[in-house]
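Trainee: quick check, what structure comes out for this input:
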Amino acid sequence: MKPIRLSHAGRASGPIPRRAAAAGVLLLLAGTAAAQSRTDYALNDDRVHFRVPPGWTAVMEKTDGDPQAIAFQVPDESAQGSDDSATVTVKTRHMSDPSAFTNTMQEEIDHATAQSGYEKDTTNRDSSVHQYFVQRAQTRYLVRDSYVQAGDLMVEVRCQRPLLEKTPGAWNRAFDAACAGVVASLKP
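Mentor: Numbering: from 1, shown residues only. Here you go, the predicted model:
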């Protein structure tokens, strides 16, 4: 192996040693893997913390102003090659007063009912979740909205998945359980 020579400008000249090149590649791969496996997130200057499963990809982050939100795409082999995707969004919104939680939550529910193809899911037995169907292009989606109060912040977790015939029931159950886990992670 040839030694690295520094030019008078302080830059290396000559070939880069194989070990250094290999170390650089390993560091790059480790950094990429760490970014892909991130599970802990925060909004509103670390006032709201939550966890997501490994493998969920953050596709949008707005961590300043009001509202703040982070949206995740959830891997779904059944939707590959289509415009459909399962997503989870965690959004915070400031309330003028902590006692405004119920009214602020109702505003979000009213907004949801205005979506195209809105239909309440009458099979939902969880009163803490606003569960409904909407139409996105040619596909019907199941949407689950959960609300948590964190002081003067309302936190909404919206989980939506396309209702595709080829999606296994086990995947749907795992998605719903993971969404419930995100909501549970918000609570102290």
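Trainee: for the residue most central in space within the chain, which residues count as its bridge partners?
Mentor: When CA atoms, centre = their mean is applied to the chain, the residue found nearest the centroid is F72 (2.7 Å). When bridges are called by DSSP bridges, F72 pairs up with A58, V88.
Trainee: what's the answer for Q160, then?
Mentor: Note on Q160: beta-bridge partners by DSSP bridges are T87, V143.
Trainee: just checking, it touches Y141?
Mentor: Yes. Between Q160 and Y141 there is a contact at 5.0 Å, judged by CB atoms under 8 Å. All C-beta spots, glycine's among them, are computed from the backbone N, C-alpha and C.
Trainee: okay, helices next: where are they in the protein?
Mentor: Using DSSP state H, the helices of the chain run over 18-36, 101-113, 169-186.
Trainee: which stretch in those helices is the model least sure about?
Mentor: Mean pLDDT per stretch puts helix 18-36 lowest among the helices of the chain, at a mean of 42.
Trainee: returning to that earlier point: which residues are in contact with each of Q160 and Y141?
Mentor: Shared contacts of Q160 and Y141, defined by CB atoms under 8 Å, 6 or more residues apart in numbering, comprise V134.
Trainee: do you know how far the residue nearest to the centre of the chain is from P168?
Mentor: 20 Å (CB to CB, to the nearest Å).
Trainee: go on, Q149?
Mentor: Distance, Q149 to P168, by CB to CB: 35 Å.
Trainee: comparing these two, which residue is more hemmed in?
Mentor: Using other CB atoms under 10 Å as the criterion, Q149 and P168 rank with Q149 on top: 17 against 10.
Trainee: contacts only, for the more buried one.
Mentor: Q149 makes contacts with 98, 101, 155, as judged by CB under 8 Å, 6+ apart.
Trainee: go again using 10 Å as the cut-off
Mentor: By CB atoms under 10 Å, 6 or more residues apart in numbering, the residues touching Q149 are 95, 98-102, 104-105, 155, 186.
Trainee: which one of these is nearest G55?
Mentor: Nearest to G55, judged by CB to CB, of the contacts of Q149 is L186 at 19.9 Å.
Trainee: do I have it right that that closest one meets A150?
Mentor: Yes. Applying CB atoms under 10 Å, one finds L186 in contact with A150, separated by 7.2 Å.
Trainee: joint contacts of the two?
Mentor: With CB under 10 Å, 6+ apart as the test, L186 and A150 both reach 48-49.
Trainee: so where's this protein shaky on pLDDT?
Mentor: Across the chain, residues meeting the criterion (pLDDT under 70) sit at 1-37, 188.
Trainee: at 50 what do you get?
Mentor: Within the chain, the stretches with pLDDT under 50 are 1-14, 16-35.
Trainee: hang on, the earlier thing: now which of the contacts of Q149 would you call buried?
Mentor: Among the contacts of Q149, those classed as buried by 16 or more other CB atoms under 10 Å are 95, 101, 104-105, 155, 186.
Trainee: thank you, goodbye.
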